[in-house]
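Asker: next comes the sequence, and after it the predicted model I'd like to discuss.
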Amino acid sequence: MQLPETKLKEIEARFEEVERALADARPDELKKLGREHAELRDTVQMWRTYRRAADDLESAKAMLSGSKGEERDYLQQEMTELQKTIEELGEKLIEALTPKDPNDERDVIIEIRAGAGGDEAGLFAAELFRMYQRYAEEHRYKTEVLTSSESGIGGFKETTFAVKGKGAYSRLKFEGGTHRVQRVPSTESSGRIHTSTAGVVVLPEAEEVDVEIDPKDLKIDVYRSSGPGGQSVNTTDSAVRIKHLPTGIEVACQDEKSQLQNKAKALRILRARLLQAEQEKAAAAQAEARQAQVRTADRSEKIRTYNFHENRVTDHRIGLTSYRLNEILSGDLDEFIDALTASMRPTDGRA
């Protein structure tokens, strides 16, 4: 196995440079440098362990020629173990050097919107929200609702929430798209199966250091928040709507009683959308990445179908079907997430 040693030495040199920079970093640089340090650390530690094992193997080979009896047996056993260690570390180092999504370690912001199907679509949107909430709980991620608009019958017109934890984006990034449900609604007296949809958009959460927002580029409106049906929730102008003038991106938040809290949440969503827009612009091949997740949220464009009559969930992108509908809606998504991750992983021609 031939390792790209020049590349590994460059990574080690950069790691050492970041370590030195951290000692004198300004407060606004600490988070960015700390993230880079954490991203490089495991690879550098593996590379250093690999070199030590290779040096030990060469030393053992040199000692073998003049050894006899038990000493020779010991050295041969030691060489076998060192060779195994070197091969395992080599595989891991090659995997570590395989290009990764730079957003994988980020927290994630998920937007769910009811699509075609009226009230039933709103109920399905609420079920998807609970599914991701339970998935997050099982994996010890934290969830935080940023903004929501209820339909009044226990469903959502739309909801936006954060999932926080290392690698949250890497696990949930393939959930973006149109989700379709087929079932008999509780209000359907004839027993006819209805089809409804909900659109899911998955965004890597941006830090302030990732996206600089000029206050002059923002138009901020405050208004009185309202609940389902238009009734007033409170008597103060606590709801906030922010429009980013250069891009036209607009975000509104009204869930909190404090205007400052609503503004802070709206800015988090805005940063995530701006980060996504910047990354799409920088990578022309992914220019329609976000739009491709949910183009119309109608019945014809779908990534996954949840069929209650057959107790079936099918992911149409990879042709995977599972007959564990209840477990999946309870957050047991790993079967699909693992399969999607494996299918989307880049290959480099190695067997």
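Answerer: Okay, I see it. Everything numeric here is computed off the predicted structure, so don't read it as measured data. Numbering: from 1, shown residues only.
Asker: give me the sheet partners of the strand ranked longest in the chain and which way each runs.
Answerer: Counting residues, the longest strand found in the chain (DSSP state E) is strand 194-204. Sheet pairing for strand 194-204, assigned by DSSP bridges, gives strand 108-114 (antiparallel), strand 177-183 (antiparallel).
Asker: for G191, find the nearest of those strands.
Answerer: Smallest distance to G191 across the strands paired with strand 194-204 (CB to CB): 10.8 Å, for strand 177-183. Yep, even glycine has a C-beta here, placed from its N, CA and C like the rest.
Asker: can you pull out the helices in the stretch 1-150 of the chain?
Answerer: 5-23, 27-64, 69-97, 119-138 (DSSP state H, counting those that start in this stretch).
Asker: could those helices be laid out in a markdown table, adding mean pLDDT, mean neighbour count and distance to D221?
Answerer: Listed next are the helices of the stretch 1-150 of the chain as a markdown table, based on pLDDT from 0 to 100; neighbours: other CB atoms under 10 Å; distance: least, CB to CB, whole Å:
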| stretch | mean pLDDT | mean neighbour count | distance to D221 |
| --- | --- | --- | --- |
| helix 5-23 | 91 | 13 | 41 |
| helix 27-64 | 89 | 15 | 29 |
| helix 69-97 | 88 | 14 | 47 |
| helix 119-138 | 95 | 20 | 26 |
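Asker: and of those helices, who's closest to L320?
Answerer: Of all the helices of the stretch 1-150 of the chain, helix 119-138 comes closest under CB to CB, at 16.5 Å.
Asker: returning to that earlier point: redo the helices of the stretch 1-150 of the chain as a markdown table? Include distance to Q182.
Answerer: Shown next, in a markdown table, are those (distance: least, CB to CB, whole Å):
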| stretch | distance to Q182 |
| --- | --- |
| helix 5-23 | 49 |
| helix 27-64 | 42 |
| helix 69-97 | 39 |
| helix 119-138 | 10 |
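Asker: most tightly packed of the strands paired with strand 194-204?
Answerer: Of all the strands paired with strand 194-204, strand 108-114 has the most neighbours on average by mean count of other CB atoms under 10 Å, namely a mean of 25.
Asker: who are the neighbours in contact with K173?
Answerer: Counting by CB atoms under 8 Å, 6 or more residues apart in numbering, K173 makes contact with 101, 103-104, 108, 202, 204.
Asker: select only the buried ones of these in ChimeraX?
Answerer: To isolate the buried members of the contacts of K173 in ChimeraX, using 16 or more other CB atoms under 10 Å:
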select :103,108,202,204
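Asker: between the contacts of K173, which is closest to L329?
Answerer: Using CB to CB, the contacts of K173 come closest to L329 at V202, 18.2 Å.
Asker: is that closest one bridged to anything, and to what?
Answerer: Applying DSSP bridges, one finds that V202 bridges with I110.
Asker: surely it and Y169 touch.
Answerer: Yes - the pair V202 / Y169 is scored as a contact, 7.5 Å apart, by CB atoms under 8 Å.
Asker: between the two, what contacts are shared?
Answerer: V108.
Asker: how near is E29 to R273?
Answerer: Distance of E29 to R273, given as CB to CB, to the nearest Å: 25 Å.
Asker: hmm, I was thinking of M46
Answerer: Applying CB to CB to M46 and R273 gives a distance of 36 Å.
Asker: ditto for E158
Answerer: Counting by CB to CB, the gap from E158 to R273 is 14 Å.
Asker: these two: who's more crowded?
Answerer: Comparing E158 with R273 by other CB atoms under 10 Å, the one with more neighbours is R273, at 22 against 17.
Asker: please list all residues in contact with the spatially closest residue to K142 that is not a sequence neighbour.
Answerer: In space, and not counting its chain neighbours, K142 is closest to K164: 4.5 Å by CB to CB, 6 or more residues apart in numbering. With contact set as CB under 8 Å, 6+ apart, K164 has these partners: 107, 141-144, 205.
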